[in-house]
Structure formats: structure tokens, C-alpha cells
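> test case, fold it:
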Amino acid sequence: MKIVIIGQQDFGKAVLEAFLARGDEVAGVFCAPEKEGARPDPARVVAQEKGLKVFQLPSLKDAKAIEIMRELAPDIGIMAYVLQFAPQEFVNIPKHGTIQYHPSLLPLYRGPSSINWPIIRGDSKTGLSIFRPDDGLDEGPVVLQKETPISADDTLGSVYFDRLFPMGVAAMLEAADLVVAGRHQETVQDESAATYEGWCRAAECRINWHNHVDFVYNLIRGCNPAPGAWTTLLGKKVQLFDARKHPFHTFGAVKGKIGEISATGPDSLRITAQGGQIEVFKLKHEDGKKISAAEFIREHGLAAGSSFGN
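Modelled structure (predicted):
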């Protein structure tokens, strides 16, 4: 089939390479312009290395974008990690329209941080959707969905990189084949079941040690590796990454005050929260790099009784 890729970054690159690997014709690639000082966009770099036509327009709403898409005349448009708004006049030009990837089970978790929030909320499953983009945010009819469980110790990294990323690439190929062959079904999203979640950024990632240990643990793993759940130490920001949860089962098991280091070991430290402790293996001080708990303890002179959140 003759396709146009609208995408960027590593996911856009992987989708582009997957279509090329099986012999599809890529008529052109639309990538958002890189910001000054940003690393080169992997999707743009690969497209240019392959000798493909690359278009980096400030807006897909521009008449120039519409004109280019009409000239390329693809069978289908493939939107793979797109941060620019794509109007209907643009996405409807391909012969079979356009399909888009979203890493949640739509209509749940519409919005930009749809992988973080199911983990932070303690959900037992998530997934991906291939849908028809419309002028709403992640609101178009769904063409294909795939589910994946979220285990009690999954992180953002394991859910995305191990599952939603490779599953998403394969699903884009599968959905494109179904649409071009006319064998797909489109399911209108149930607005009564829809949820929208905004960005998961620094303000949302601050740890409140007075929350239950389950909430604290889910926040840490839902923000690992990015944007990184954080607390403070002597007024400085400290991000916590690889961690493990240890619930208290009896009153006598309670150790330490809320936010306090109850124990340090050769490769971890334990911080008390409501109902249990969080064992942390990697941390990042705002003045340094991500390091092991043992290194962090040495660098900052920590011991049982030291307190976070102050």
C-alpha cells in the first residue's frame, strides 16, 4: 500500500521502519519541527536516511500541509505519536482516510499521559487503541484495540517499552491492512464511559508520605522512568525510581515516623508511609545524577531517622 506517516520520536521511527520492512511505499513523512537545542528527531533522521520526502511544518492546519497531502495521494495516513493537531481536511485526504495510535483502551484515559495514570490509579489492565482521528481529543471511532495486564510491580517503563510500544507497532500494521482491505469495523466511543486525564508532570508527581503506602508505591512506579515521582530532602528535590512495597501486617511491625528512613541496607533504603514502607533502590538528587541507594546514602550522609518531605 501507499502510505503517509505522520509521527515523530522513537515510536514514529519504529512504525515507519515496520512499514518499510514489509515493502509498503512511504510517499512522505510529516514530522513536527524540532525545538531549538533538542536532539534530532529519530523519525525524521531515519526518513531522510532512507531518501524519503520529509515535511516539517509548523502546523498541519496550514494550507501547505493540505496541498502536500493531496499531491502525495496516499492510500492511508498513519499517525504514530503526533503532538500537532491534524484537522479533518488533512486526515480525510488519503483514499482510505487516516488511523491513529493511542496507548489506552479508549474511551478511557484520553489525553497526553494515558500510560502513567492507569498505573498510578492501580488499574489491573490497560491497552492500546487504533482509531479514526477527529477534531476532538482522542474521540474518534475505534478500529482496533489490544489489552495488556498491569502487574502489581509494573512500571511505566515495563508497560510501555515491553508491551504497548511493540504491540502498538504491530497493531498499526494490522489496522492499516484491515482498513485498506475494507474488512475493518469502526466502533463509536461511548461518551458516557469516557475519561480525560491531563499531563502527569512535576506537580502531579510529588509524593505525600501521609498517603497510604499503596498510593505512594503506585505513584512511584507510574512515574518511572518519567517524569519521576519526587519528594524533598533538606529543601532539595529528590526523585525516586526503582522501588518495592512492604505493607505492615500488624501494629508491632510499624517502624519509623511518616516520611522517615526506617532502615538502610547495602543496596536500598526504606521510607515509612501510612500502612507500610517503600524500599527504594535508585534515587536522583536535583544536584546530581540517578544513582543507587547505597551511593545516595553515602553522598548525603543518610541513616535511620533521616527524614524526607521536609
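
> contacting residues around residue 210?
Counting by CB atoms under 8 Å, 6 or more residues apart in numbering, residue 210 touches 258, 259, 273, 274. C-beta: built from backbone N, CA, C; applies to glycine.

> confidence score at residue 252?
The model reports residue 252 with a pLDDT of 69.

> how about the residue lying closest to residue 29 once chain neighbours are set aside, phi and psi?
Closest residue to residue 29 apart from its sequence neighbours, by CB to CB, 6 or more residues apart in numbering: residue 47 at 4.2 Å. Per-residue torsions, residue 47: phi -60, psi -40 (degrees, to the nearest 10).

> quick check: residue 207 touching residue 240?
Yes. Taking CB atoms under 8 Å as the definition, residue 207 is a contact partner of residue 240 at 7.2 Å.

> which one's more surrounded, these two?
Using other CB atoms under 10 Å, the more surrounded residue of residue 207 and residue 240 is residue 240, with 27 against 24.

> what's the distance between that one and residue 209?
11 Å (CB to CB, to the nearest Å).

> any shared contact partners between these two?
Contacts common to residue 240 and residue 209, judged by CB under 8 Å, 6+ apart, are residue 231.

> okay, now the residue nearest to residue 276 when sequence neighbours are not counted: neighbour count?
Distances taken as CB to CB, 6+ apart place residue 213 nearest to residue 276, at 3.4 Å, with adjacent residues excluded. Using other CB under 10 Å, residue 213 has 20 other residues around it.

> now do the strands in the stretch 101-250 of the chain.
Under the criterion DSSP state E, counting those that start in this stretch, strands of the stretch 101-250 of the chain are mapped to 125-131, 142-149, 229-233, 236-240, 243-247.

> that older thread, residues contacting the residue nearest to residue 29?
Contacts of residue 47 (CB under 8 Å, 6+ apart): 5, 16, 26, 29, 31, 54.

> tell me what the last one is bridged to.
What that stands for is residue 54. Applying DSSP bridges to residue 54 gives these bridge partners: residue 29.

> how does the protein divide into domains?
2-193, 203-300 (automatic domain parsing).

> right, and those - which one's nearest residue 307?
Closest to residue 307 of those, according to CB to CB: domain 203-300, at 4.9 Å.

> wait, residue 287 sits on residue 236?
Yes. Contact criterion CB under 8 Å: residue 287 and residue 236 qualify, at 6.7 Å.

> between the two, which one's more packed in?
More neighbours surround residue 236 than the other of residue 287 and residue 236, with 12 against 9 (other CB under 10 Å).
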